[in-house]
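J.: return atomic coordinates for the entry below.
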Amino acid sequence: MTFKMEWYGEKVLEATNSVCAKVSEDIAEDVMEDAKRILSRKAKTKTEDGLLTQFSITDSKYKDGGSLVWCQGPKNWSPPFHASFVELGTFKDEAKPFMRPAVRKNKLNAKRKLEQALDKL
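T.: Here you go, the predicted model:
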């Protein structure tokens, strides 16, 4: 008796990566929306309020992929300039974190979404 064994590892890996990429985008959108909501409550100046239109999501250049949420400063300086001063504070202004709380708020939701998506494979 002979057995024929087939390997589907590449297909499983491909499907898993595809699911992870889609879930990563969904989670990034959730984080971005929460960060905007938090920032809108904390914004005290016109410049801080202007950051609400400066959010974007890009594909990560890390080897494992994923999505990144960005908040640029006025004039789209690169790297994100003014937003980091709002998030972390300066010697003149207190920190008004909006990205870190948004990430913390979405951690459990991200885990749940990923588990559900992978369970469907």
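J.: can you find the helix or strand in this protein with the smallest mean pLDDT?
T.: Lowest by mean pLDDT, DSSP states H and E among the helices and strands of the chain is helix 46-50, with a mean of 83.
J.: report the buried residues of the longest helix belonging to the chain.
T.: Assignment by DSSP state H gives helix 9-42 as the longest helix of the chain. Within helix 9-42, the residues that count as buried by 16 or more other Cβ atoms under 10 Å are 19-20, 23-24, 26-28, 30-32, 34-36, 38-39. Bear in mind the C-beta positions are built from the backbone N, C-alpha and C, glycine included.
J.: any low-confidence regions in the protein?
T.: Filtered on pLDDT under 70, the chain yields the residue ranges 1, 5, 73-81.
J.: so what's the residue positioned nearest the centre of the chain up against?
T.: In the chain, the centroid-proximal residue (Cα atoms, centre = their mean) is Ala28; its distance is 3.2 Å. Contact analysis of Ala28 by Cβ atoms under 8 Å, 6 or more residues apart in numbering lists Ile57, Ser67, Leu68, Val69.
J.: buried subset of those residues?
T.: Here, 16+ other Cβ under 10 Å leaves Ser67, Val69 buried among the contacts of Ala28.
J.: now, which of the contacts of Ala28 sits nearest Glu14?
T.: For these, the residue nearest Glu14 by Cβ to Cβ is Ser67; the value is 18.6 Å.
J.: mind checking how far the closest residue to that closest one other than its chain neighbours is from Tyr8?
T.: Using Cβ to Cβ, 6 or more residues apart in numbering and skipping residues adjacent in sequence, the residue nearest Ser67 is Ala28, 3.8 Å away. In this view, Ala28 and Tyr8 are 30 Å apart by Cβ to Cβ, to the nearest Å.
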